[in-house]
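Peer 1: Give me a model of this one.
(chains A and B)
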Amino acid sequence: MPTTDTTGAPAAAPPAGNGPAGGPPRRNRPNRHPDNAWAALLLAVPFGGLVIFYLWPLLRTVLLSFSEGTAFTGYTISGFQNWQRLFENGDDVWRALVNTLVYAAIVLLGVPIAMVIAALLHQRGLRGRSFYRTLYFVPVVTMPVAVAMVWRYIYNGDFGLLNEVLDAVGGPTRAWVADPDTALYAVAVVGIWMALGTNLIILAAGLEAVPQTLEEAAMLDGAGPVRRFFSVTVPLLTPSIFLVSVLSVIGSLQMFDLLFIMLGRTNPALADSKTIVYLFYEEAFVRNDRPLGAVIALVTLVVTLAVTAVQFRLQRRWVTYA
Amino acid sequence: MRDRLRSRHLVTHVVLMAGALLMVSPFLWQFLTSLKTLGESTRIPLTVLPEAPRWENYSAFFDVVPVGSMAVNSVLALALRVAGQLLVASLAAYVFARLRFRFRGPLLAGFLVVLMVPPQLFVIPQYEVIRTMGWLNSVQALALPGMFSAFGVFVLYQFMRTLPPELDEAARMDGANPWQIYLRIILPLCRPALAALTILTSLFSWNDLLWPLIVNTVPDRMTLPVGLATLQGAQGTDYPVLMAGSLLTILPMVLVFVLLQKQFIRGIAMSGLKA
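Peer 2: As a prediction, this is how the structure comes out:
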């Protein structure tokens, strides 16, 4: 830690180096860094932890992706083979990538749902607002592992609640999470359900900032509720919608818990439904292929950055900042 | 006009109620199932209500996995992670928001970079660090990486930046040093942000699966989510017991949420909660 100011007792140092207010400056030139010693002292533990648990791991993961070996033999830098494996027979990785992006796209459909509910909740004079908000928010605070178990039971092909309900109304029934054609979508529905509360809170905060007068002016002009929603509320809400979309996608790219529980290891649909984080866990910690795990982790980084960059690009087309 | 308003709200209530029912129906089903016999839970056609509520299912959950020690592990990991995170994050945030020192920019960037990187990039080496220390299957293994999360630094840094600089200046003129200013002036003013961070960190810690699954693999060192996960797919799944157990594990956070709703919502609005 660099410390140019070694006087050690900054307590008496003037608050702002270029003002005479705090007493005589110690040097002729105003001291631009009066707090070096204190910063070093107070930052030692936080920064040490950051290096040990985050910055070094980042570097180590990059190195591992170019290494070969096992946990017992240790790892040695060996070149690009792990990356070559990715390109030569990386079917699993590509499928997991596509699955993850499909999942993220479906969960994104929860944003318009959250918008409608946020707009309904925002109406003036509506009673029971906080009651509704509580109910919609509960899935956000419940443990994903626990709710995934409930949903797996609901989705069960033989005695699940969903099939029972669908059967009663003449809909299609199937083993939703054991069927490769539907498993990922079934999990994504739960993803929408879990994220709705968070989206709602952020959109509600955005709505608070929309001036009520605009709504009222539109109402006086004879615009109905639907027209007002699309012509007044949505355009003014685009910054919040953008934020919610970005967060939703970043969160979806991390999906692990739901899949891990809802599709058990023996599930016939698992092979076709893995997400990228699931694959990472499997390669790095079940098959103990750490170098390949490192490659997959780096792929996630690239994909996350790329998708987020695209979203920021597209932002110019539809987000209006008042 | 007033009648029209009221009837419009009627439609609103119907829609919102239907939505709310969809949101909570999985929990209702979980509760009803938790009181059934295994036979009832897998019978076709399904029965909605249990014939005679079997509260024994809740105690049965304690017999299938070491729930007691798992709950203790979850609570200890949460306490350690929250306490550590509050201390570490508030110190770092204070230094970056209120002190002037060399290399402030690059050091802050070190924290912010971590914020933008998906967690998997840290997991393998974090595991190696914990193993090297001989801390696999321990409480500190569960809590340590999370204590130093840049997320907390960022939330508190944003908050501390909004406090007027005159606070520090006045205190310094009175002869206070930065540590005293941090402890006596800045921290007390950060109470709302600290509360929000406490709640969010507790939520992450209590519900987390991937990291505890990797580092603590001995049953009586597992956390509740990992313990629950081991039950899934075990031979002859006993749905009522599983539903009872999963209901018990989500209950603490739901209670905290109902009691501290305002702080929860502020925390999310403040940080945008990662999924």
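Peer 1: A:Thr275 touches A:Val98, doesn't it?
Peer 2: No. Counting by C-beta atoms under 8 Å, A:Thr275 stays clear of A:Val98, with 10.0 Å between them. Backbone N, C-alpha and C define where each C-beta goes, glycine included.
Peer 1: More neighbours: which of the two?
Peer 2: More crowded of A:Thr275 and A:Val98, by other C-beta atoms under 10 Å in any protein chain shown: A:Thr275, with 29 against 13.
Peer 1: Please read off the pLDDT at that one from the model.
Peer 2: A:Thr275 carries a pLDDT score of 95 in this model.
Peer 1: How about A:Arg60?
Peer 2: We have a pLDDT of 96 for A:Arg60.
Peer 1: mind checking which helix or strand it is in?
Peer 2: Following DSSP states H and E, one finds A:Arg60 within helix A:56-65.
Peer 1: Would you mind putting the CA coordinates of that helix into PDB?
Peer 2: C-alpha atoms of helix A:56-65 as PDB (Å, rounded to 0.1, in the frame of the first residue of the first chain):
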ATOM      1  CA  TRP A  56      -6.500 -13.300  -7.600                       C
ATOM      2  CA  PRO A  57      -9.300 -15.800  -8.400                       C
ATOM      3  CA  LEU A  58     -10.000 -13.800 -11.600                       C
ATOM      4  CA  LEU A  59      -6.400 -14.200 -12.700                       C
ATOM      5  CA  ARG A  60      -6.300 -17.800 -11.600                       C
ATOM      6  CA  THR A  61      -9.400 -18.700 -13.600                       C
ATOM      7  CA  VAL A  62      -7.800 -17.200 -16.700                       C
ATOM      8  CA  LEU A  63      -4.600 -19.100 -16.000                       C
ATOM      9  CA  LEU A  64      -6.500 -22.400 -15.300                       C
ATOM     10  CA  SER A  65      -8.300 -22.100 -18.700                       C
END
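Peer 1: three-state assignment of the residue positioned nearest the centre of chain B?
Peer 2: In chain B, the centroid-proximal residue (C-alpha atoms, centre = their mean) is B:Leu203; its distance is 1.1 Å. State at B:Leu203, reduced to three classes by DSSP: H, G, I helix; E, B strand; the rest coil: helix.
Peer 1: my guess is it contacts B:Met253, does it?
Peer 2: Yes. Counting by C-beta under 8 Å, B:Leu203 touches B:Met253, with 6.3 Å between them.
Peer 1: where do the contact lists of these two overlap?
Peer 2: Any residue near both B:Leu203 and B:Met253 by C-beta atoms under 8 Å, 6 or more residues apart in numbering or on different chains counts here, and that gives A:Val141.
Peer 1: if we can go back for a sec, what residues are up against the residue nearest to the centre of chain B?
Peer 2: A:Val141, B:Met253.
Peer 1: okay, it: pLDDT?
Peer 2: Reported pLDDT for B:Leu203: 92.
Peer 1: cool, and A:Thr3?
Peer 2: Looking at A:Thr3, its pLDDT stands at 41.
Peer 1: got it, and A:Gly171?
Peer 2: 88.
Peer 1: now do A:Arg265
Peer 2: Per-residue pLDDT puts A:Arg265 at 83.
Peer 1: do the helix or strand A:Thr213 falls within and chain B meet?
Peer 2: A:Thr213 is part of helix A:212-220 when elements are defined by DSSP H and E. No. Helix A:212-220 lies apart from chain B when judged by C-beta under 8 Å from any C-beta of the partner chain; the minimum separation is 10.4 Å.
Peer 1: contact partners of that helix?
Peer 2: A:Arg124, A:Arg227, A:Arg228, A:Ser231, A:Val232, A:Thr233, A:Leu236.
Peer 1: OK, contacts around the second one?
Peer 2: When contacts are counted by C-beta under 8 Å, 6+ apart, A:Arg227 is found next to A:Ala218.
Peer 1: Beyond the strand or helix carrying it, next helix or strand please.
Peer 2: In this structure, A:Arg227 sits in helix A:225-228 according to DSSP H and E. Downstream of helix A:225-228, the first helix or strand assigned by DSSP H and E is helix A:234-252.
Peer 1: which strands and helices sit next to that next one?
Peer 2: helix A:91-108, helix A:110-122, helix A:183-208, helix A:290-318 (3 or more C-beta pairs under 8 Å, 6 or more residues apart in numbering or on different chains; DSSP states H and E).
Peer 1: Rounded mean pLDDT for the next helix or strand after the second one, please.
Peer 2: Following the chain from helix A:110-122 toward its C-terminal end, the next helix or strand by DSSP H and E is helix A:129-141. Per-residue pLDDT values over helix A:129-141 give a mean of 91.
Peer 1: now stretch B:213-232
Peer 2: 92.
Peer 1: Likewise for stretch A:98-113?
Peer 2: 96.
Peer 1: Below-threshold pLDDT in the chain: ranges please.
Peer 2: Looking at chain A here, since you left the chain open. By pLDDT under 70, the low-scoring segments of chain A are A:1-29, A:322.
Peer 1: Not quite, go with chain B.
Peer 2: Residues of chain B meeting the criterion pLDDT under 70: B:1-8, B:233-236, B:271-275.
Peer 1: Tell me which residue of chain A lies closest to chain B.
Peer 2: At 2.7 Å from chain B, A:Gly251 is the closest residue in chain A, using C-beta to the nearest C-beta.
Peer 1: okay but A:Phe159 is in contact with B:Pro45, surely?
Peer 2: No. Contact between A:Phe159 and B:Pro45 fails when scored by C-beta under 8 Å: they sit 9.3 Å apart.
Peer 1: quick revisit: around the residue of chain A closest to chain B, how many other residues sit close by?
Peer 2: The number of residues near A:Gly251, taken as other C-beta under 10 Å, comes to 19.
Peer 1: just A:Arg317 next, same as before
Peer 2: For A:Arg317, using other C-beta under 10 Å, the count is 6.
Peer 1: before we move on, what about B:Arg104?
Peer 2: 17.
Peer 1: Once you drop chain neighbours, what's closest to it?
Peer 2: B:Phe96 (6.7 Å; C-beta to C-beta, 6 or more residues apart in numbering or on different chains).
Peer 1: For the one you found, pull up the helix or strand it's in.
Peer 2: Element membership of B:Phe96 [criterion: DSSP H and E] is helix B:67-98.
Peer 1: If you compare the directions of whatever helix or strand comes next after that helix and helix B:67-98, what angle comes out?
Peer 2: Sequence order places helix B:104-116 as the next helix or strand after helix B:67-98, per DSSP H and E. Taking axes from the mean of the first three to the mean of the last three C-alpha atoms, to 10 degrees, one finds helix B:104-116 and helix B:67-98 inclined to each other by 150 degrees.
Peer 1: Which positions in helix B:104-116 come out as buried?
Peer 2: B:Arg104, B:Leu107, B:Leu108, B:Gly110, B:Phe111, B:Val114 (16 or more other C-beta atoms under 10 Å in any protein chain shown).
Peer 1: With distance to A:Ala269 added, can I get these in CSV?
Peer 2: Formatted as CSV, the buried residues of helix B:104-116 follow (distance: C-beta to C-beta, whole Å):
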residue, distance to A:Ala269
B:Arg104, 51
B:Leu107, 47
B:Leu108, 45
B:Gly110, 42
B:Phe111, 40
B:Val114, 35
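Peer 1: ok, of those residues, which one's closest to A:Val93?
Peer 2: Nearest to A:Val93 among these is B:Val114, at 24.5 Å by C-beta to C-beta.
Peer 1: Isn't B:Phe257 up against A:Leu135?
Peer 2: No. Contact criterion C-beta under 8 Å: B:Phe257 and A:Leu135 do not qualify, at 11.4 Å.
Peer 1: Apart from its neighbours in sequence, what residue is nearest A:Ala297?
Peer 2: B:Gln120 (4.1 Å).
Peer 1: Break the chain down into its domains, please.
Peer 2: Because you didn't say which chain, this covers chain A. Domain segmentation of chain A under automatic domain parsing yields A:1-54, A:85-318.
Peer 1: try chain B instead
Peer 2: Using automatic domain parsing, chain B is parsed into the domains B:2-58, B:65-231.
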